[in-house]
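Enquirer: coords please:
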Amino acid sequence: MGFIPTGTAGFGAEPHNKGVIKLQTPKWNFDNSYTKLPALFFTKQKPDPVDIRQLVVFNYKLAEKLQAPLDLQTFAGNHIPDGAEPLAQAYAGHQFGYFNMLGDGRAVLLGEQITPDGERFDIQLKGSGRSPYSRGGDGRAALGPMLREYIISEAMHALRIPTTRSLAVVETKENVIREKAHPGAVLTRVASSHIRVGTFEYALRFGGAENVKILADYTIARHFPNAKTYLELLQEVVTRQAALIAKWLLVGFIHGVMNTDNMAISGETIDYGPCAFMDMYNPSTVFSSIDTQGRYAYKNQPKMAMWNLTRFAETLLPLLHSDENTAIELAQAEIENFQPSYKKNWLVGMRAKLGLSDEKTDDELLITDILQLMQQLELDYTNTFRALTLGLPVHEFDAGFRQWHERWQTRISHQTKSETLERMKMHNPCIIPRNHNVEEALAAAEAGDISIMEKLLRALEAPYAYIPEQEAYTQPPPEKFCNYKTFCGT
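Expert: Coordinates of the predicted model:
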């Protein structure tokens, strides 16, 4: 099926990003490098065909970047386009600290799309049926979680946070049984690759050092062509993850399930299951229904990223040096660089959120003090920085906040107001995908009304715009969302 420019998205609704792209000759242009790896790393696997109800949403802007066609039958898993070599990837992972053999239990990598400018992207179908790695699962996905991934991943992209992206969601005529029956769906996910920390763990456990070397060489060639050694590979991954986790915290994002199989070597955010954005500022916030101990709470994300990177470093030890003790020392030194690198990224971001144009030694105290006040006064994280940006009252009745505000005004007094405002607008989103807005959109979509989601997606496309149309999405959640929990959707 070729490109269909109109009448295909959102139950007949106007696509949120329609009318802004100019696809020339959209076509699948696959060049599949992952299939050149040893068979240990994957199983050739075709998606299971389904009866299509409709194409719910299609990402026209991403399609333009990829020069990919609107190919409904392919998005549903009913057609294998020319050049595709569908496979399910094998990987392992530490899930909540415990090692498990995993793999694509409900996903198929169709192939690697090469864009006109030579970029390479994985095209993966999620919810495409069972594979040898399904571990008893049905291999299918429900409409709600797939639309949720579409909304959150595209919002993250608009927030300038490295992320996998979503190209399309197709609703099927099959019900998916979880706690109850839900409409089924297939998501088309786009990533620079799906190589995970868990892929390296799998290679070492089941293929030995020889296969770790093969995977490392492949990863360097695909993602880090300037890396000359395996130690430089480790350095690159640590650097990218430090920057990524800082970006998460700066916008109040909580991944929810930071297992090693959910950490992409590329530095992209991957797997939007029990994730959410924090409303009221509380560093102990947990959204995942299964994270009863708070392992992946907001404040723990840097620590858990470092834990995951340690597992990655362990897989590289045979490649770092022939002497194990020397290899451990080399790896440990790089892992210890994570925290200062993360802290530097976070401080740079927080200074920008407060509009600071330069650095002073007591800036960190100014930053931690406002965060402590936000927690103490139970203030909304995003709205507090939005109010500071716009000069709106935050909590003028609290003496501690008034004192902090005076310190902040003194700190920025040497800057022009326009300079400060511009910097703050660039780094404090006016809008995030708030949990109650997302849930409202998903509930309506499951009931057959996609218009609420389309409206939300349009608002989320420009989170730093500060336009009147976004005002409705700045409201804090109703009381019933105070103990909001998310689920994996599997």
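
Enquirer: what about the longest strand in this protein?
Expert: Longest strand in the chain by number of residues, with DSSP state E as the criterion: strand 165-177.

Enquirer: what comes up buried for it?
Expert: Of all the residues in strand 165-177, those buried under the rule 16 or more other C-beta atoms under 10 Å are 165-172, 174, 176. Backbone N, C-alpha and C define where each C-beta goes, glycine included.

Enquirer: Break down this structure into its helices, ranges please.
Expert: Using DSSP state H, the helices of the chain run over 60-66, 72-76, 143-158, 197-223, 230-250, 301-320, 324-335, 338-353, 363-376, 381-390, 399-411, 417-427, 435-446, 451-460.

Enquirer: could I get these as a markdown table with distance to residue 267, mean neighbour count and mean pLDDT?
Expert: Converted to a markdown table, the helices of the chain look like this (distance: least, C-beta to C-beta, whole Å; neighbours: other C-beta atoms under 10 Å; pLDDT from 0 to 100):
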| stretch | distance to residue 267 | mean neighbour count | mean pLDDT |
| --- | --- | --- | --- |
| helix 60-66 | 18 | 19 | 96 |
| helix 72-76 | 27 | 21 | 97 |
| helix 143-158 | 13 | 24 | 97 |
| helix 197-223 | 8 | 20 | 98 |
| helix 230-250 | 3 | 21 | 98 |
| helix 301-320 | 11 | 20 | 98 |
| helix 324-335 | 15 | 15 | 98 |
| helix 338-353 | 12 | 18 | 98 |
| helix 363-376 | 25 | 16 | 98 |
| helix 381-390 | 24 | 21 | 97 |
| helix 399-411 | 32 | 14 | 96 |
| helix 417-427 | 20 | 16 | 96 |
| helix 435-446 | 25 | 19 | 95 |
| helix 451-460 | 22 | 21 | 97 |
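
Enquirer: Select, out of those, the one closest to residue 269.
Expert: helix 143-158 (5.8 Å; C-beta to C-beta).

Enquirer: Who are the packing partners of the closest one?
Expert: strand 52-58, strand 165-177, strand 181-191, helix 435-446, helix 451-460 (3 or more C-beta pairs under 8 Å, 6 or more residues apart in numbering; DSSP states H and E).

Enquirer: hmm, who's touching it?
Expert: Outside helix 143-158, the residues that touch it by C-beta atoms under 8 Å, 6 or more residues apart in numbering are 56-57, 59, 126-127, 163-166, 169, 171, 182-187, 189, 253, 269, 272-273, 275, 432-433, 438, 441-442, 445-446, 453, 456-457, 460-463, 487-489.

Enquirer: Got the domain ranges for this structure?
Expert: As given by automatic domain parsing, the domain ranges for the chain are 34-194, 198-346.

Enquirer: what distance separates the start and the end of the shortest one?
Expert: Counting by C-alpha to C-alpha, to the nearest Å, you get 26 Å between the two ends of domain 198-346.

Enquirer: now it, how far from the centre of its chain.
Expert: 14 Å (C-alpha atoms, centre = their mean, to the nearest Å).

Enquirer: Could you do stretch 394-413 as well?
Expert: For stretch 394-413, the distance to the chain centre is 34 Å (C-alpha atoms, centre = their mean).

Enquirer: Can you give me the neighbour number for residue 469?
Expert: With neighbours defined by other C-beta atoms under 10 Å, the count for residue 469 comes to 12.

Enquirer: isn't it right up against residue 459?
Expert: Yes - using C-beta atoms under 8 Å, residue 469 makes contact with residue 459 at a distance of 6.2 Å.

Enquirer: Of all residues in this protein, which one is nearest the centre?
Expert: residue 269 (3.2 Å; C-alpha atoms, centre = their mean).

Enquirer: Tell me who's in contact with it.
Expert: Neighbours of residue 269 in contact, by C-beta under 8 Å, 6+ apart: 153, 156, 161-164, 244, 248, 255.

Enquirer: hmm, 6 Å instead?
Expert: Residues in contact with residue 269 (C-beta atoms under 6 Å, 6 or more residues apart in numbering) are 156, 163.

Enquirer: same deal with residue 35?
Expert: residue 85.

Enquirer: Give me the pLDDT for it.
Expert: The per-residue pLDDT reported for residue 35 equals 98.

Enquirer: Next one: residue 326 from residue 231, what distance?
Expert: As judged by C-beta to C-beta, to the nearest Å, residue 326 and residue 231 stand 11 Å apart.

Enquirer: Setting the sequence-adjacent residues aside, check what's closest to residue 238.
Expert: residue 338 (5.2 Å; C-beta to C-beta, 6 or more residues apart in numbering).

Enquirer: how near is that neighbour to residue 436?
Expert: Taking C-beta to C-beta, one finds residue 338 at 34 Å from residue 436.

Enquirer: Repeat that for residue 94.
Expert: For residue 94, the distance to residue 436 - C-beta to C-beta - is 33 Å.

Enquirer: Which one of the domains of the chain lies nearest to residue 377?
Expert: domain 198-346 (8.9 Å).

Enquirer: and of the helices of the chain, who's closest to residue 284?
Expert: The nearest among those, by C-beta to C-beta, is helix 363-376 at 9.2 Å.

Enquirer: can you list contacts of the closest one?
Expert: 281-282, 350-351, 384, 400-401, 404.

Enquirer: Ok, stretch 219-237 next?
Expert: 195, 216, 265-266, 313, 316, 319-320, 330, 334.

Enquirer: 7 Å instead, please
Expert: 33, 193, 195, 216, 265-266, 309, 312-313, 316, 319-320, 330-331, 334 (C-beta atoms under 7 Å, 6 or more residues apart in numbering).

Enquirer: send the alpha carbons of that stretch over as PDB?
Expert: Taking C-alpha atoms only, stretch 219-237 is exported to PDB below (Å, rounded to 0.1, in the frame of the first residue of the first chain):
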ATOM      1  CA  THR A 219      27.500  -1.200  18.400                       C
ATOM      2  CA  ILE A 220      30.600   0.900  17.800                       C
ATOM      3  CA  ALA A 221      30.100   0.800  14.100                       C
ATOM      4  CA  ARG A 222      26.400   1.700  14.300                       C
ATOM      5  CA  HIS A 223      26.400   4.300  17.100                       C
ATOM      6  CA  PHE A 224      29.900   5.300  18.100                       C
ATOM      7  CA  PRO A 225      32.100   5.300  15.000                       C
ATOM      8  CA  ASN A 226      34.700   7.600  16.600                       C
ATOM      9  CA  ALA A 227      35.300   5.200  19.500                       C
ATOM     10  CA  LYS A 228      38.600   3.500  18.900                       C
ATOM     11  CA  THR A 229      38.600   1.100  21.900                       C
ATOM     12  CA  TYR A 230      36.100  -0.800  24.000                       C
ATOM     13  CA  LEU A 231      36.900   1.500  26.900                       C
ATOM     14  CA  GLU A 232      35.800   4.500  24.700                       C
ATOM     15  CA  LEU A 233      32.600   2.600  24.000                       C
ATOM     16  CA  LEU A 234      31.900   2.400  27.800                       C
ATOM     17  CA  GLN A 235      32.800   6.100  28.100                       C
ATOM     18  CA  GLU A 236      30.300   7.100  25.400                       C
ATOM     19  CA  VAL A 237      27.500   5.100  26.800                       C
END
